[in-house]
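Colleague: can't give you the sequence, but here's the structure:
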């Protein structure tokens, strides 16, 4: 599954935060870009597994136009 993700620096927490906007509550943190991406991948997988177990709707990733 390829989905949009957002990453930003949180000065208050002194950490990077990342989210998958299409999956409500799918947010992770990390001290580096690499760590936040690893953590987000794990959280995303857990989110999807929980959604399947609970028969919740799993959104299809939105397609975005990309320009070179």
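Modeller: Alright, I've got the coordinates. All of these numbers come straight from a predicted model, not from anything done at the bench. Numbering: from 1, shown residues only.

Colleague: Against residue 54, how distant is the residue most central in space within the chain?
Modeller: Computing the C-alpha centroid of the chain and ranking residues by Cα atoms, centre = their mean puts residue 20 first, at 3.2 Å. From residue 20 across to residue 54, the span is 18 Å (Cβ to Cβ, to the nearest Å). Quick note: C-beta positions are derived from backbone N, CA and C, even for glycine.

Colleague: try residue 40
Modeller: 21 Å.

Colleague: quick one on the thing from earlier: what sits against the residue nearest to the centre of the chain?
Modeller: Counting by Cβ atoms under 8 Å, 6 or more residues apart in numbering, residue 20 touches 3, 4, 5, 26, 40, 44, 47.

Colleague: again, but for residue 13
Modeller: residue 29.

Colleague: can you check residue 38 too?
Modeller: residue 30.

Colleague: List the buried residues in the helix or strand hosting it.
Modeller: According to DSSP states H and E, residue 38 maps onto helix 33-53. For helix 33-53, a neighbour-count test (16 or more other Cβ atoms under 10 Å) marks 36, 37, 39, 40, 43, 44, 47, 48 as buried.

Colleague: Just give me the neighbour total for residue 22.
Modeller: 15 (other Cβ atoms under 10 Å).

Colleague: Excluding chain neighbours, what is closest to residue 36?
Modeller: With Cβ to Cβ, 6 or more residues apart in numbering as the criterion, residue 36 has its nearest non-adjacent residue at 3.3 Å, and that residue is residue 30.

Colleague: Next up, phi/psi of that neighbour, please.
Modeller: phi -170, psi 160 (degrees, to the nearest 10).

Colleague: Is it bridged to anything, and to what?
Modeller: Residue 30 forms beta bridges with residue 16, as assigned by DSSP bridges.

Colleague: Wait, it touches residue 14, no?
Modeller: No - the criterion here is Cβ atoms under 8 Å, and residue 30 misses it with residue 14 at 11.2 Å.
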